[in-house]
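> here is a sequence together with a model predicted from it:
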Amino acid sequence: MKEITDNTPIAKIGIVTVSDRASAGVYEDMSGKAIIDTLYEYLTSQWRACYEVIPDEQATIEKTLIDLVDKQHCCLVITTGGTGPAKRDVTPEATEAVCDRMMPGFGELMRAESLKYVPTAILSRQTAGLRKGSLILNLPGKPKSIRECLDAVFPAIPYCIDLMEGPFLECNEEVIKPFRPKQK
């Protein structure tokens, strides 16, 4: 990680695990930790995780997303869990309810990537959207799938945040190479 020597702001990234059982302490949250570990591999710029483990309740998910964007000023919020077809899987609905605009390309790419590994990827309802100056991204719940999906979509995320006038996210290009158009 880069040492801060000027007034460079520390990027805040929200990590939200949506799981009834993990939030009740039935089992340890491995998914949220997988996201954090992956981001530490990807990012060389300073950042701080705003980490939450919450139940599969749409109102709670919405409140958490709003808090992370509006009050904690996260430039990126990544959720894990609640994207399947089960009755309690309501993360995409909560995301759509709080976003100003949706970014369907993220979900399309994640499903296409996951289909390389499992035919049930078509059951996943991952999505992404924008709230104010933040990107909210819904990932699946399994750590292996999280990494596969992040590897696929993360190259576009730093530039998306640039376009929303968020903090400049620098990456370890030996691990993940972000795409930013060349300046003329």
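Received, thanks. Numbering: from 1, shown residues only.

> contacting residues around stretch 101-121?
96, 122, 124-130, 135, 137-140, 145, 148-149, 151-153, 156, 160 (CB atoms under 8 Å, 6 or more residues apart in numbering). For glycine as for every other residue, the C-beta is placed from the backbone atoms N, C-alpha and C.

> and the nearest residue to T79 once chain neighbours are set aside, what is it in contact with?
Distances taken as CB to CB, 6 or more residues apart in numbering put V16 closest to T79, at 4.5 Å, once the chain neighbours are dropped. Applying CB under 8 Å, 6+ apart to V16 gives the contacts 32, 51-54, 61, 64-65, 68, 77-80.

> what's the answer for A94, then?
58, 61-62, 65, 82.

> could you pull out the helices in this protein for me?
Assigned by DSSP state H, the helices in the chain fall at 20-23, 31-42, 58-66, 91-98, 104-114, 143-153, 157-163.

> make TSV out of these and add distance to I176 and mean pLDDT.
Formatted as TSV, these follow (distance: least, CB to CB, whole Å; pLDDT from 0 to 100):
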stretch	distance to I176	mean pLDDT
helix 20-23	26	95
helix 31-42	5	98
helix 58-66	24	98
helix 91-98	23	98
helix 104-114	14	97
helix 143-153	7	96
helix 157-163	9	97
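
> gap between the residue nearest the centre of the chain and Q72?
In the chain, the centroid-proximal residue (CA atoms, centre = their mean) is I78; its distance is 2.0 Å. Going from I78 to Q72 by CB to CB, to the nearest Å gives 14 Å.

> shared neighbours of these two, which are they?
With CB under 8 Å, 6+ apart, I78 and Q72 have common neighbours G14.

> now I61. Nearest residue, chain neighbours left out?
Computed as CB to CB, 6+ apart, the closest residue to I61 that is not its neighbour in sequence is A94, at 3.6 Å.

> nope, E93 is what I was after
E93 sits nearest to Q58 (CB to CB, 6+ apart), 5.9 Å away.

> so what's the residue count around the one you found?
If you count neighbours by other CB atoms under 10 Å, Q58 ends up with 15.

> hmm, A97 and it touching each other?
Yes. With contact defined as CB atoms under 8 Å, Q58 counts as touching A97 (7.5 Å).

> contacting residues for A152?
A152 touches 109-110, 112-113, counting by CB under 8 Å, 6+ apart.

> how about 6 Å then?
Contacts for A152 (CB atoms under 6 Å, 6 or more residues apart in numbering) come out as 109, 113.
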